[in-house]
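Novice: pasting a predicted model and its sequence here:
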Amino acid sequence: MSPRDKLKTNGRSKPRVVVVGGYNADLLIRCETPLVAGKSLVGGPMQIYGGGRGANCAVAAARAGCAVAFVGAYGRDGFGGMALSQLAGESIDLDYFFELPHVKTGTSLSLIEAGTGKHFLIAPSRRMTGLHLKWSTPREGLFFRRI
């Protein structure tokens with residue numbers, strides 16, 4: 001029996017996890033030729049994945065059988081819609097995952113060279129910038145406010 005199955009069959013409620021963090025859309029391109037400054041290269045097809053340390057932790061906890069709530073933000077763009085769809089598809093509570101209308105969702109471009117390794121270029125969003133997170137009491141819950 002897997003650990004996930006044990007969590008589901010132990011007769012107790014699921015462990016509850018709250019993750020505060022970011023979401024990134026990860027764009028990945030593989031190439032066989034090393035990168036050369038000023039030279040265009042043809043790589044393999046671009047792949048798009050959901051990522052970000054916070055989102056990855058939330059997905060892992062949900063897949064392990066936990067009841068997960070994700071606290072974070074995304075932009076009003078296609079990657080924000082992707083974030084909502086992917087995280088909701090993992091049965092993650094998104095009540096505190098907020099759309100910030102004038103911010104882009106975080107994006108990373110990963111170039112993977114066959115011989116030399118990985119190169120990462122990050123276009124971070126302002127995810128939580130400009131927001132203040134305040135926990136009052138368990139009864140009152142979690143609140144965001146602009147600062």
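Specialist: The structure has been received and is ready for your questions.

Novice: now residue 74, what's its secondary structure?
Specialist: At residue 74 the chain is in strand, as set by DSSP: H, G, I helix; E, B strand; the rest coil.

Novice: give me every residue that touches the residue nearest to it when sequence neighbours are not counted.
Specialist: Nearest residue to residue 74, sequence neighbours excluded (C-beta to C-beta, 6 or more residues apart in numbering): residue 80, at 3.8 Å. Any C-beta I mention is one placed from the backbone N, CA and C, and that applies to glycine too. Listed by C-beta atoms under 8 Å, 6 or more residues apart in numbering, the contact partners of residue 80 are 74, 99, 105.

Novice: identify all contacting residues around stretch 115-123.
Specialist: For stretch 115-123, contacts defined as C-beta under 8 Å, 6+ apart pick out 24, 34, 35, 104, 106, 107, 108, 109, 110, 111, 112, 113.

Novice: pretty sure the third one sits in a strand.
Specialist: In this case it means residue 35. No - checked against three-state DSSP, residue 35 lies outside a strand; its state is coil.

Novice: got a list of what it touches?
Specialist: So residue 35 contacts 41, 111, 113, 116, 119 (C-beta under 8 Å, 6+ apart).

Novice: look at it and report its pLDDT.
Specialist: Here, the pLDDT recorded for residue 35 equals 79.

Novice: quick one: low-confidence ranges for this protein?
Specialist: Scanning the chain for pLDDT under 70 picks out 1-12, 124-147.

Novice: and if we set it to 50?
Specialist: 9, 127-128, 130, 132, 134-147 (pLDDT under 50).

Novice: strands of that one, start to end?
Specialist: Assigned by DSSP state E, the strands in the chain fall at 16-20, 24-31, 47-51, 67-75, 93-100, 106-113, 117-123, 131-135, 142-146.

Novice: in TSV: the contacts of stretch 115-123, plus distance to residue 85.
Specialist: Formatted as TSV, these follow (distance: C-beta to C-beta, whole Å):
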residue	distance to residue 85
24	15
34	36
35	32
104	17
106	16
107	16
108	19
109	21
110	21
111	26
112	25
113	31
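
Novice: of these, closest to residue 92?
Specialist: residue 24 (15.7 Å; C-beta to C-beta).

Novice: that closest one - how many residues pack around it?
Specialist: 25 (other C-beta atoms under 10 Å).

Novice: beta-bridge partners for it, please?
Specialist: On the basis of DSSP bridges, residue 24 is bridged to residue 51, residue 106.
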